[in-house]
Structure formats: structure tokens, C-alpha cells
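[1] Got a sequence here, can you model it:
(one chain, ligands or ions: 1)
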Amino acid sequence: MNQRPPWAPDEIDIERPSVARMYDFFLGGSNNFAADRRLALEYLQVLPDMPAIARAQRAVLHRVVRYLAAAGVDQFLDLGSGMPTAGTVHETAQRVNPRARVVYVDVDPVAAAHGRALLGRTPHTGVVLADLRDPAYVLKHPVTAELFDFSRPIALLMIAVLHFLPDRDEPAEVVGRYRDASAPGSAIAITHATNDYDPEMAERAEAVYRKASHQMHYRSRSEVEALLAGYDLAEPGLVDMTCWRPDGRPSPDPLGGDVTRYSGYAAVGRKNA
Ligand SMILES: C[S@@+](CC[C@H](N)C(=O)[O-])C[C@H]1O[C@@H](n2cnc3c(N)ncnc32)[C@H](O)[C@@H]1O
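    Numbering: from 1, shown residues only. Predicted coordinates:
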């Protein structure tokens, strides 16, 4: 039995590894429990590159937010936002446009509680504890409704989260329901783990995640592309994540540019009319 820290929300089972807290561990954070760390360490046996991948993925998040904010999008719905960590979406977006609005959505109560504690009364931001597979709940939630004007474009951020939706949850349908609720000019940004480069590693990684709060589903490039139906992809399209518009800022690449070791794709799309 692990000791229960005072900040752990009452409703959570700290013995059940959470994908949000495992990711926090990969990023070097401290919002995780012994059970999360144990499973994360087991995953590192399969994919020792994961801390580097997580850092590269955060860098993609920052690039897509800067890109979209510079393109005039000022409402960001961060689905599967995770534990708040350095370089939050609102800081990144508000550096480009101080009036940018951000709603963070996560199913993990620790992520939501830390998000609320960190944001406090930060203007133009909110946190929703919700399962993104229920778009109606997320979109009609009072926090979302107060912050967003749905007659104007929004950006859906789905960074490292769609691979937690199995095919039986119809991820393309889920994305489609958010897309249909958003105005023309709205956008989506995704990253997604792929089994294209090392299918055997992906199978072993999926087996580890079967013991976590949410299972992981590596997908091929064409399967990921199918999740983006109804969006026109911005240049350079759906690409290996480190290749998505490197913008000259220092970006972590401890794997020496070997895209096969990052094993993940990134893309930004704009809703076609
Ligand atoms: C790998 S983390 C990525 C976090 C963040 N997007 C980032 O890039 O730093 C995946 C996050 O998705 C959340 N998640 C997984 N399935 C979810 C669901 N059905 N609804 C909402 N959040 C979900 C997890 O709790 C976790 O915080």
C-alpha cells in the first residue's frame, strides 16, 4: 500500500496507474504516485526513449499553438491536456495574443485539480474534468460556454491523446462531433504514436498500457490520417513529429533526428467549409 499524499483528490485510486501521471513522470514531474512510477519504469524497459519523446512532443505542442495563434486563432480547447507543466498552452498562446482563451479538459482528477490550483484566477482560462469522448458534455460545460464564442474558430488540441481511444470508441466520430460543432476556419492539432517503424515494440508497449487507466493504441500513418477527415492539412501535412514546422527555436532532439525512434506523427488541419 502506498502512502496517500494530502493533495490526492479523494475520488482517485492511487494504486491504479494513470496515463496522465505516468506522462508527468516521463517529463520529470512530481505529480505521480508509486504505482504510476512502477508502470512507467516497466514502459521504459520497452521504450527507453520515452522521456525524449515526451519532451519532443511538448515542443510540437508549443509550435502548433504559436502557429495557430499567429494565424489568428484565439480559442484553444486542449483535450487530454494532462498535468500542468512548464510551457502551458495559455502562456504560449497569450504570448502571441494576450486575449487568447484556453479551456483545459482532462479525465484525470489529479490533472484537473492541479490545473485549477495553478490557474487560480488567470484570466481567459478554465479547466473541465471530463471524458473527451463526450463532446456534448465538454462543449456545453459552463466553463467552456463562458469562455468560448462558438460562432468564431476554435482550435482543438489533441496532443498525445487520440492513441488512448480504441477503435471501438470510434475516435474519428468523436473528432467529427467536435469538428461539426466548430465554426469554419477552426483547426485541429494532433500528435499520435505509430507502429509503422517498430511494430514489435508497439505491441509490447500496448501490453504494458493494458495495466493503466487507459490503454494505448498505436496506429499506422493511414489510420491516423483517417482521424483527420474534414480538415485540410496545413503544410507539411501529417509528418514525423519532429519534422512538423521546426521553427528555429531550440527544440529537444536527443535522438539525433532519428524519426523512427520518436515513433509518432503530428499534423495541423483547418476545417474545410
Ligand atoms: C500522454 S498525456 C498528454 C498530455 C498533454 N496533451 C501533453 O501533450 O502534454 C495524455 C492525457 O490524455 C488524458 N486522457 C486520456 N484519455 C482521455 C479521455 N478519454 N478524456 C480526457 N482525457 C483523456 C490523460 O489523462 C492524459 O492526461
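
[2] which ones are touching the most centrally placed residue in the chain?
    Computing the C-alpha centroid of the chain and ranking residues by CA atoms, centre = their mean puts residue 159 first, at 2.8 Å. By CB atoms under 8 Å, 6 or more residues apart in numbering, residue 159 lies in contact with 57, 60-61, 64, 78, 80, 189-191. Every C-beta, even on glycine, is put in place using the N, C-alpha and C of the backbone.

[3] Same check on residue 269?
    With contact set as CB under 8 Å, 6+ apart, residue 269 has these partners: 187-189, 228, 231-234.

[4] Need the buried ones from these selected in ChimeraX.
    A single ChimeraX command selects the buried members of those (16 or more other CB atoms under 10 Å):
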select :187,188,189,228,231,234
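
[5] quick one: which of the contacts of residue 269 sit in helices?
    Taking DSSP state H, every one of those sits outside helices.

[6] other SSEs contacting the top helix by length along the chain?
    Longest helix in the chain, counting residues (DSSP H): helix 50-70. Other helices and strands packing on helix 50-70, by 3 or more CB pairs under 8 Å, 6 or more residues apart in numbering; DSSP states H and E, are helix 19-26, helix 34-46, helix 89-96, strand 155-159, strand 187-193, helix 259-262, strand 264-271.

[7] Export only the CA atoms of the fifth one, formatted as PDB.
    If I follow you right, that is strand 187-193. Provided in PDB are the C-alpha atoms of strand 187-193 (Å, rounded to 0.1, in the frame of the first residue of the first chain):
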ATOM      1  CA  ALA A 187      -8.400  23.900 -36.500                       C
ATOM      2  CA  ILE A 188      -7.200  20.700 -35.100                       C
ATOM      3  CA  ALA A 189      -3.700  19.800 -34.000                       C
ATOM      4  CA  ILE A 190      -2.700  16.200 -33.200                       C
ATOM      5  CA  THR A 191       0.200  14.000 -32.300                       C
ATOM      6  CA  HIS A 192      -0.200  10.200 -32.400                       C
ATOM      7  CA  ALA A 193       2.000   7.300 -31.700                       C
END
